[in-house]
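S.K.: No sequence on hand, only this structure:
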């Protein structure tokens, strides 16, 4: 089949969907060509569709099948692995205009949410009904629930409350032939058939396009937040404190690490009055009420002190704690201001956190690159952020070497190459190394069974060729 | 291909695996021909293999492929939907001899467990290390972890702690071609590739044979059990109490319903001194420590009283509470002593529990059958137990009508046809009605992609034909 021109294709799409749904100018195609993963490859899409409802999604997929082009679904484009990056010969299908919360069921504690609803918006909305949606990626102010589900996003409170997958109990999905599948349930439990809802979560739009999601909610009440703050003289001392907390059996509701590079970058940008001299900050939270909460916080504080923590302080939620958590959330965009950031997302066994942090420093030294660190330390989910000054091609090449070295170190410590960002494009080789040909073959078989023509975001989420040569 | 005789096939299997692994006498084939689901169809297997290690599983699957026969994997045979029932032309592959707990990692809080380990044995074993495996099906004394995973078993504490799927983070699976897939991770988080671990959980051996499972564990400490007991004049009054607790936002660690028929059946059998005059017992538990736990228990007690509960009592774990929970666990086998039991496993929205309990009574009256009730009421997961005296074919036919009526009522209330027992054979028509042809088609596509020859437990978990005509 002749490859369609962008112009012809956009014209046909516009005829089908109406002018308000289709973007085809160069600037728009540029803007929608990639997510927030620096250095992952991308191409210009032939056109961009802004879906307003499920009919638009169905029509776009059917059109793509007829036209012989591919569809790359996209939420807010805040992903960090290239999962939403445009590929050759594709339509980017943005879900950002589908922002209705269709239902909040207070008694059953669930909400039905269109894919384009921003995470924080959902959290605020259900809070009005006394309910809580726990998953809180650092991008919660900008990322969408659909994107969160497609990438199985994590977040700060996951160490106690789990990730997006643990809250998605149903969804509506448009399949590769344009048919509509309603998956999952609205009940507290359910075990009818395969867990196709769970299969879709984290599949990065390769098996279906998520149109709406049914999420389980928790009661907002019954929690009392207490923070424990401590500053450490080195990354590995902070790592030791994390390992000590884990060993004690305490399950905090947050256990975050932010290094000095990040603190200073955030402070330079936002002037929050952060402790600029600090080497590493650990930020823990517990949410048990009353005496039990006080005990747990005190116990974490003593683990911090015993591991070399300084200025260790327990505080009920106050302005200082709020500022420190804000700094944690702003670390990534603050770093990006310094130059393109290559973001790692490894997850190692919790007890291996000190060793992995040491190896990250070795990778930085050996490759002469700056590596800043933020981490969901309580999960063992580390985000070394490799920074290379804009235009410094040598640094960029060395950053890539450091990235590969960190992935290899993570696997040798029994870790996984992505804790919460997904495979996208950046982690295809790591995915192949971690899963091996038999499990990659299962992915391929399932992908082919649900999308035999390869219409939906092909080449993402897992390597199409067994050895990561895709 | 000529259908092999049981004798020839067993001889060849014995040559391959050794005498200790193969059972082929009539009695053994009979014993392994079905699980605990009364009335689900079954056939005699050609032979039974008792696997001792993964090599036995691989060899059996490869043998079956070559011989053109099917493999039905089996744990303890305590399933209640016919998922382990033998089918024509099959080998039953029992995992009951694979009983090693391969690893307990205290720091990372996981265990690696062979498929044949009994649920209670795992719980006791990890308790020695201060760890807790929450999923606790009523069958925990006899059912295996492999079977629990294959059916996504639920249990009593699921209302707060989730089901088997929420605890399985990895597994080793033998696929339909005999290859070995290692799925999942040992880290706290992980998002590499599709959630194939989750796909295998609840797939009833149709996509692969689970050889071992990696389960997430919780700290055993930090919980303080308090029970709230109340007796209700009717099923629907108890249902109202459940709905009131749910509306209040309290999440109990158990909220169980046992009706008078069950209490009397257990008491007749075990002589536990249960209150034989009671109509319906509600049994709640909370596990928050200290004041918080006391408050929640008191609050549940007042909801019980307001809904007509009598002799409502709050107790820290004591002998009486222990006896009542034991009665709950023994209800099913006690009922079985009265005659074949057709077990329902519907799950409705929690607020629909009173209405569904009323409809169950209508179904009993309209079809002139005895229906006893136990329920994970806090989840909306009801187990009407339809009893028909042995040999009474009229009662059996009416029981089947009541069963279908209850399934239809459940679906009309927005429920799901199986909360925790799985589809097996009993729920194939209900599964078709609930999921519809598009979602059943997805099941079929995935099954065909991973098991193109239909070797692994074909005809279970979902109807092979779209309309439930399989």
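M.R.: On my side now, so go ahead. Note that this is a predicted model, so its numbers are computed, not measured.
S.K.: Correct me if wrong: residue A:256 contacts residue A:280.
M.R.: No. Using CB atoms under 8 Å, residue A:256 makes no contact with residue A:280, being 11.0 Å away. (C-beta placed from N, C-alpha, C; glycine too.)
S.K.: give the contact list for residue A:439.
M.R.: Taking CB atoms under 8 Å, 6 or more residues apart in numbering or on different chains, we find residue A:439 in contact with B:181-183, B:193, B:196.
S.K.: Can you narrow those residues down to the ones near chain A?
M.R.: B:181-183, B:193, B:196 (CB under 8 Å from any CB of the partner chain).
S.K.: Please see if stretch A:245-255 touches chain B.
M.R.: Yes. Contact of stretch A:245-255 with chain B (CB under 8 Å from any CB) involves A:246-247, A:249-251.
S.K.: quick one: which of these has the most company?
M.R.: Neighbour counts for the residues of stretch A:245-255 next to chain B, by other CB atoms under 10 Å in any protein chain shown, peak at residue A:246, which reaches 27 neighbours.
S.K.: need the contact list for the spatially closest residue to that residue that is not a sequence neighbour.
M.R.: For residue A:246, ignoring the flanking residues on the chain, the nearest one in space by CB to CB, 6 or more residues apart in numbering or on different chains is residue A:350 at 4.4 Å. By CB under 8 Å, 6+ apart, the contact list for residue A:350 reads A:242-243, A:246, A:378-380, B:107-108, B:188.
S.K.: Ok, residue A:166 next?
M.R.: With contact set as CB under 8 Å, 6+ apart, residue A:166 has these partners: A:135, A:216, B:166.
S.K.: what does residue A:203 give?
M.R.: Contact partners of residue A:203, counting by CB under 8 Å, 6+ apart, are A:150, A:461, B:194.
S.K.: helix or strand for the last one, which one?
M.R.: Right, residue B:194. Counting by DSSP states H and E, no helix or strand carries residue B:194.
S.K.: does it really touch residue A:449, like I thought?
M.R.: No. Between residue B:194 and residue A:449 there is no contact, the gap being 11.9 Å when judged by CB under 8 Å.
S.K.: okay, those two: which has more neighbours?
M.R.: Each of residue B:194 and residue A:449 has its neighbours counted (other CB under 10 Å); residue B:194 has more, 26 against 17.
S.K.: what's near enough to touch the more buried one?
M.R.: For residue B:194, the contact set (CB under 8 Å, 6+ apart) comprises A:199, A:202-203, A:207, A:442-443, A:446, A:461-462.
S.K.: From residue A:212, how far off is it?
M.R.: With distances taken as CB to CB, to the nearest Å, residue B:194 is found 21 Å from residue A:212.
S.K.: Also residue A:14?
M.R.: From residue A:14 to residue A:212 the distance is 25 Å (CB to CB).
S.K.: And the two? Which one has more around it.
M.R.: residue A:212 (25 against 17).
S.K.: For that one, list each beta-bridge partner.
M.R.: Residue A:212 has these beta-bridge partners by DSSP bridges: residue A:114, residue A:172.
S.K.: residues in contact with it?
M.R.: A:54, A:98, A:102, A:112-115, A:171-172.
S.K.: Need the buried ones from those residues selected in ChimeraX.
M.R.: Command for ChimeraX that selects the buried part of these, burial taken from 16 or more other CB atoms under 10 Å in any protein chain shown:
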select /A:54,98,112,113,114,115,171,172
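S.K.: Out of the contacts of residue A:212, which is nearest to residue A:411?
M.R.: residue A:171 (31.5 Å; CB to CB).
S.K.: As a check, name the ranges of all strands in the stretch 1-150 of chain A.
M.R.: Under the criterion DSSP state E, counting those that start in this stretch, the stretch 1-150 of chain A contains strands at A:22-23, A:47-50, A:70-74, A:90-94, A:101-105, A:110-114, A:131-132.
S.K.: Pick out the least confidently modelled helix or strand of chain A, by mean pLDDT.
M.R.: In chain A, no helix or strand scores lower on mean pLDDT, DSSP states H and E than helix A:319-336, which sits at a mean of 89.
S.K.: Which strands and helices lie in contact with that helix?
M.R.: Here helix A:319-336 touches strand A:226-232, strand A:254-259, helix A:260-270, strand A:280-286, strand A:341-343, strand A:370-376, strand A:381-387, going by 3 or more CB pairs under 8 Å, 6 or more residues apart in numbering or on different chains; DSSP states H and E.
S.K.: what comes into contact with that helix?
M.R.: Outside helix A:319-336, the residues that reach it (CB under 8 Å, 6+ apart) are A:38, A:138, A:140-141, A:156, A:227, A:229, A:254, A:256, A:258, A:261-263, A:265-270, A:272-274, A:281, A:283, A:315, A:341, A:343, A:372, A:374, A:383, A:385, A:387.
S.K.: so how far is stretch A:212-230 from its chain's centroid?
M.R.: Centroid separation for stretch A:212-230 versus its chain: 18 Å, with CA atoms, centre = their mean, to the nearest Å.
S.K.: Name all residues that make contact with residue A:396.
M.R.: A:39, A:340, A:388.
S.K.: What average pLDDT does whichever strand or helix holds it get?
M.R.: Using DSSP H and E, residue A:396 maps to helix A:393-412. Across helix A:393-412, pLDDT averages out at 96.
S.K.: next helix or strand past it?
M.R.: helix A:428-450.
S.K.: Can you give me the end-to-end span of stretch A:443-462?
M.R.: Stretch A:443-462 has an end-to-end distance of 7 Å (criterion: CA to CA, to the nearest Å).
S.K.: From the chain's centroid, how far away is it?
M.R.: Relative to its chain's centre, stretch A:443-462 lies at 21 Å (CA atoms, centre = their mean).
S.K.: I figured residue A:221 was touching residue A:130, is that so?
M.R.: Yes. Between residue A:221 and residue A:130 there is a contact under CB under 8 Å: 6.5 Å.
S.K.: list the residues that contact both of those two?
M.R.: Counting by CB under 8 Å, 6+ apart, the shared contacts of residue A:221 and residue A:130 are residue B:249.
S.K.: which parts of the stretch 351-470 of chain A sit against chain B?
M.R.: Counting by CB under 8 Å from any CB, the stretch 351-470 of chain A comes close to chain B at A:351, A:376, A:378-381, A:414-423, A:427, A:430-431, A:434-436, A:438-440, A:442-443, A:445-446, A:448-450, A:461-462.
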